[in-house]
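# Attaching a predicted model along with its sequence, questions to come.
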Protein chains: 2
Amino acid sequence: MLAATSQSQTRADEAFDCLQTAIVKGDLAPGEKIGEVELCERFNLTRGPLREALGRLESRGLLVRKPHAGVKVVSVSGDELLELYHIRESMEGLAARQAAERMTDAEIADLQATLDSHEKMIDLAQGQAYYQGEGDYDFHYRIAKGSRNTKLAQMLLGDLYYMVRMYRYRLSTSAGRPQKALGEHRHIVEAIAQRDGELAQFLMQRHISAARRNIEQKIKAGVLNL
Amino acid sequence: MLAATSQSQTRADEAFDCLQTAIVKGDLAPGEKIGEVELCERFNLTRGPLREALGRLESRGLLVRKPHAGVKVVSVSGDELLELYHIRESMEGLAARQAAERMTDAEIADLQATLDSHEKMIDLAQGQAYYQGEGDYDFHYRIAKGSRNTKLAQMLLGDLYYMVRMYRYRLSTSAGRPQKALGEHRHIVEAIAQRDGELAQFLMQRHISAARRNIEQKIKAGVLNL
DNA sequence: CGTTGGAGTATTGTCGACAATAGTCTGGGG
DNA sequence: CCCCAGACTATTGTCGACAATACTCCAACG
């Protein structure tokens, strides 16, 4: 039934949330052409709010719309996915640097506690679940928020992450990578705790760069079907 | 009368363009609360397409909307404007590096020709018009496109520039800065022509950093009313 | 005199019907 | 047998009216 994830204030917001999660979860496959009426009965909406949500999704780059021809879910090629990681490398590097300068001590302690819980998650899932779940997302989410840079957080959390998460669902993480990623996360937090912005930026960039090369290998190996 | 800038394919697109230019040009002042019906008669639209455009503008961060309370133009503080330049520093640095690797020779030649015309513009306006006009925008626009990074270009051109341009209209450039900016532009293009991505990135970051400090000084001096 | 409650109004959110356009399918011609 | 033209259908774009919510103003009470 897939009801609205959170009690939305308005129908259009509800539609927006539904569509967004449906796209991210893969219920609406990339490249799939979708009709408005079909979506309406699927989510129990009328076309008014739906169209409003559609416009917002298009503006965020999750949909492409051709006038009088319909909308279809954006399909991102392997190259484009790698480009996304290049952008993340730059932007999250900045976020890490600013977070090191601006996060409160309480926030940093909280972040460290979060990593502890992530470690337990990895142990439980025997090293398979870090990237699949929300753990990695949590970490980067907190850094973005910690930068105190409203627009930066908005662009990272509102634009980039949704596109990245679209593909995280089908990215089977390579064995051993979660532990390594967690270790990198720890180093980044350490740099932040020491208020070493430059180091935090460097480590974050290298962290994302490693993730990108990891995906690059998979693409070359033909593991990914993009 | 402020008709649609370009022959839009649909009413909603038309509304979107009108609203966007109105906000950027300052016809709709930041912080101003605007009613839907007022906008309708102002742009000869009905509320359907208008609401669709409103949603898109909100998603791009140019408007804030409170349910059942109306929309108002986003007002960005001095600090937030400086944060925008921090983001540009990161993202356009990346764009310059990728442009150096990927622009065609023809595009580079074209870019150099553009700078020549900019030089004439500055001479004509006696050093006052570079930042005011579209010249600077042209330069950064071409670099973003030249990066061949679709999402990067979309984020720079679709999100950041419109917010920056909102304030360029009231930023009286300091004397001498246009010439210096043009010189920096030339150095960047030179690095791109030599396919030196790292240098291009460095120069672009320093270029934007200089612009940021320029604004920072003005804010401290109380010249800007934010 | 200040505050709080309520009714009224104005604005936003939603809906269903109408108009316009694009894609498709069929029939005729070369 | 293949190609082109025309109308048809289905989908999108647009519009006006209705419903729901928030802001405002006024009056009564403490």
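Looks like it came in fine.
# So which residue is dead centre in chain A?
residue A:161 (2.4 Å; CA atoms, centre = their mean).
# Count the neighbours of the residue of chain A found nearest DNA strand C for me.
Residue nearest to DNA strand C within chain A: residue A:11 (2.6 Å; CB to the nearest atom of the strand). (Glycine included, C-beta is placed from N, CA and C.) Per other CB atoms under 10 Å in any protein chain shown, the neighbour tally for residue A:11 reads 18.
# now the one 4 residues further on
If you count neighbours by other CB under 10 Å, residue A:15 ends up with 27.
# Okay, residue A:147 and chain B: tell me how far apart.
Distance of residue A:147 to chain B, computed by CB to the nearest CB, to the nearest Å: 9 Å.
# now do residue A:216
Distance, residue A:216 to chain B, by CB to the nearest CB: 15 Å.
# Please identify the helix or strand for that residue.
Here residue A:216 sits within helix A:197-220, counting by DSSP states H and E.
# Could I get the buried residue list for that helix?
Within helix A:197-220, the residues that count as buried by 16 or more other CB atoms under 10 Å in any protein chain shown are A:197, A:199-205, A:207-208, A:211-212, A:214-215, A:218-219.
# again with stretch A:81-100
Of the residues in stretch A:81-100, A:81-100 count as buried by neighbour count, 16+ other CB under 10 Å.
# do stretch A:45-54 as well
Buried residues in stretch A:45-54 (16+ other CB under 10 Å): A:45, A:49-54.
# which residues sit against that stretch?
Contacts to stretch A:45-54, defined as CB atoms under 8 Å, 6 or more residues apart in numbering or on different chains, come from residues A:10-16, A:19, A:36-37, A:39-40, A:43, A:63, A:65, A:71, B:48, B:51-52, B:55.
# Chain A against chain B: which residues are in contact?
A:9-10, A:12-13, A:48, A:51-53, A:55-56, A:58-61, A:67, A:80, A:83-84, A:86-87, A:89-91, A:93-94, A:98, A:149-152, A:154-155, A:158-160, A:163 (CB under 8 Å from any CB of the partner chain).
# For the helix holding residue A:216, enumerate the helices and strands it packs against.
Counting contacts by 3 or more CB pairs under 8 Å, 6 or more residues apart in numbering or on different chains; DSSP states H and E, helix A:197-220 packs against helix A:78-102, helix A:177-193.
# How far does the helix or strand of chain A with the lowest mean pLDDT sit from its chain's centre?
The weakest-scoring helix or strand in chain A, judged by mean pLDDT, DSSP states H and E, is helix A:161-168 (a mean of 83). Averaging C-alpha positions (CA atoms, centre = their mean, to the nearest Å) puts helix A:161-168 5 Å from its chain's average.
# Packing partners of it?
Here helix A:161-168 touches helix A:11-25, helix A:78-102, helix A:135-146, going by 3+ CB pairs under 8 Å, 6+ apart.
# Can I get those in a markdown table including mean pLDDT?
Below are the helices and strands packed on helix A:161-168 laid out as a markdown table (pLDDT from 0 to 100):
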| stretch | mean pLDDT |
| --- | --- |
| helix A:11-25 | 89 |
| helix A:78-102 | 96 |
| helix A:135-146 | 86 |
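# Any chance you could list what contacts stretch A:177-195?
A:96, A:99-101, A:103, A:108, A:111-112, A:115, A:118-119, A:122, A:127-131, A:136, A:139, A:143, A:146, A:199-200, A:203-204, A:206-207, A:210-211, A:214.
# contact partners of stretch A:99-108?
Contacts made with stretch A:99-108 from outside it, assessed by CB under 8 Å, 6+ apart, are listed as A:111, A:142-143, A:146-148, A:189, A:191-197, A:199-201.
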